[in-house]
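[1] Provided below for reference: sequence and predicted model.
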Amino acid sequence: MEKIQAFLKRKNIVFSAKRYFIDAMSAMAQGLFCTLLVGTILNTIGTQFHIAFLTDAFLIIKQGDQELAYTIGGLCSLLVGPGMAVAIGRALECPPMVLFSLIPVGFATNALGGAGGPLAVFFVAILASEIGKAVSKETKIDLLVTPIVTILCGIGFAAIVAAPIGTAASAVGKAIMWATDLQPFFMGILVSVIIGVALTLPISSAAICAALGLTGLAGGAAVAGCCAQMVGFAVMSFRENRWGGLVAQGIGTSMLQMGNIVRNVRIWIPPTLAAAVTGPIATCLFRLEMNGAAVSSGMGTCGFVGQIGVYTGWVNDIASGAKAAITGMDWSGLVLISSVLPAILTWLFAMPLRKWGWIKEGDLKLDL
């Protein structure tokens, strides 16, 4: 046992929830952002502003008699699997040869996983990374052994589990979306609060939404919850953190408050209550739907990705004939849910907590 522990330590293989479900999942979200999200944003910009460079085919791949044309944004989205896998490998501190070998592993796994590809990539990339680290630099022909073992183990594991994981994740996501359509009020509260809390926790709400394929009304509720946390903390802590804190939390991340939450969990009450209110307003009153990329549902106001995702969904719906036009009600709902209501509600909910001494001066201070 001691020899095994010494080997694992030497190889930097650490079996822990933090490394896998916080570090790896957060990195996975960054990989998603730099491929799928950026690709979606570029396509949207190109389409809306008629920029030929972004809308014209950048790459044409021939497959038999078919020709597949990709824009720059389309190519970014195509490589979401490798992007996630490499990001996870980096979080697990893989040696270079292992890290680069994750590129084909990620591509194959995402393709095999279908709609639930991101979740399949998460598990397969972790396994391939740890196996690759275990064999790295253990032989004199490391240049061959490490990439071959990493790729064969990764793609072999993907061939077995990617499709079932993808199907299961897709089924869970569809169940949540079905339940939200059936009970928009109660599910609006539930989804908004849970995804909003996940956004502030040191895990990735974006990766969760992407893994479950959370779109539609459920995606809209998720956007509401994330915005409530980010905008809520930004406004509630303005007296301590001023404009720097407003920007860092409002369009950055509410995760910055995690240290303060550990010291005084009561500061989490106002934005969470705000999420419980804005969620059902989004689903029942404005029928706010996220029909863009599922990962956008868990981004909130971070770089305005959530709002761009909602807008992209509107554009896609108009193009498909599902929606006639973008209405004033659409814009009002997006603005109110994304910024106005979270700011007002969190401030109001915080007032009695400050009077009761549950939230004291300095409790929300950030080291910016």
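    Structure received.
[2] C-alpha from now on. contacts and neighbour counts both.
    Noted.
[3] where are the low-confidence patches of the protein?
    368 (pLDDT under 70).
[4] Next, the contact list for the most centrally placed residue in it, please.
    The centre of the chain sits closest to A206, judged by Cα atoms, centre = their mean, with a distance of 1.5 Å. Neighbouring residues of A206 by Cα atoms under 8 Å, 6 or more residues apart in numbering: 29, 199, 295-299.
[5] repeat for F107
    Applying Cα under 8 Å, 6+ apart to F107 gives the contacts 79-82.
[6] what's the distance between it and L79?
    F107 is 7 Å from L79, where distance means Cα to Cα, to the nearest Å.
[7] again with F238
    Relative to L79, and taking Cα to Cα, F238 is found at 39 Å.
[8] Show me which of those two is the more surrounded one.
    L79 (20 against 16; other Cα atoms under 10 Å).
[9] who are the neighbours in contact with that one?
    Shown in contact with L79 (Cα under 8 Å, 6+ apart): 35-36, 107.
[10] For it, what are phi and psi?
    Main-chain torsions, L79, degrees, to the nearest 10: phi -100, psi 20.
[11] again with E67
    Phi and psi for E67, reported as degrees, to the nearest 10, are phi -120, psi 120.
[12] what's across from it in the sheet?
    Going by DSSP bridges, E67 is paired in beta bridges with K62.
[13] what helix or strand is G132 on?
    helix 117-135 (DSSP states H and E).
[14] okay, now the nearest residue to E130 once chain neighbours are set aside: neighbour count?
    Residue nearest to E130 in three dimensions, not counting chain neighbours: I13, with 6.4 Å by Cα to Cα, 6 or more residues apart in numbering. The tally of other residues near I13 (other Cα under 10 Å) stands at 19.
[15] How much space separates the residue nearest to the centre of the chain from L54?
    Counting by Cα to Cα, the separation of A206 from L54 is 25 Å.
[16] do S26 as well
    For S26, the distance to L54 (Cα to Cα) stands at 29 Å.
[17] Can you name the next helix or strand after the helix holding G132?
    Remark: after helix 117-135, the chain's next helix or strand is helix 142-182, criterion DSSP H and E.
[18] who does that following helix touch, helix- and strand-wise?
    Packed against helix 142-182 by the contact rule (3 or more Cα pairs under 8 Å, 6 or more residues apart in numbering; DSSP states H and E) you find helix 96-113, helix 117-135, helix 184-200, helix 205-212, helix 216-236.
[19] between the shortest one and helix 216-236, how big is the angle?
    Yep, that's helix 205-212 we're talking about. Put simply, helix 205-212 runs at 180 degrees to helix 216-236, going by axes from the mean of the first three to the mean of the last three Cα atoms, to 10 degrees.
[20] Now do helix 205-212: distance to the chain's middle.
    5 Å (Cα atoms, centre = their mean, to the nearest Å).
[21] Phi and psi next, for L364.
    Phi and psi for L364, reported as degrees, to the nearest 10, are phi -110, psi 10.
[22] Next up, the contacts around it.
    L364 is in contact with 237, 240-241, 257, 260, 267, counting by Cα under 8 Å, 6+ apart.
[23] list the contacts for L201?
    Contacts for L201 were tallied using Cα under 8 Å, 6+ apart; they are 255, 258.
[24] Dihedrals phi and psi, it?
    Dihedral pair for L201: phi -70, psi 160, per degrees, to the nearest 10.
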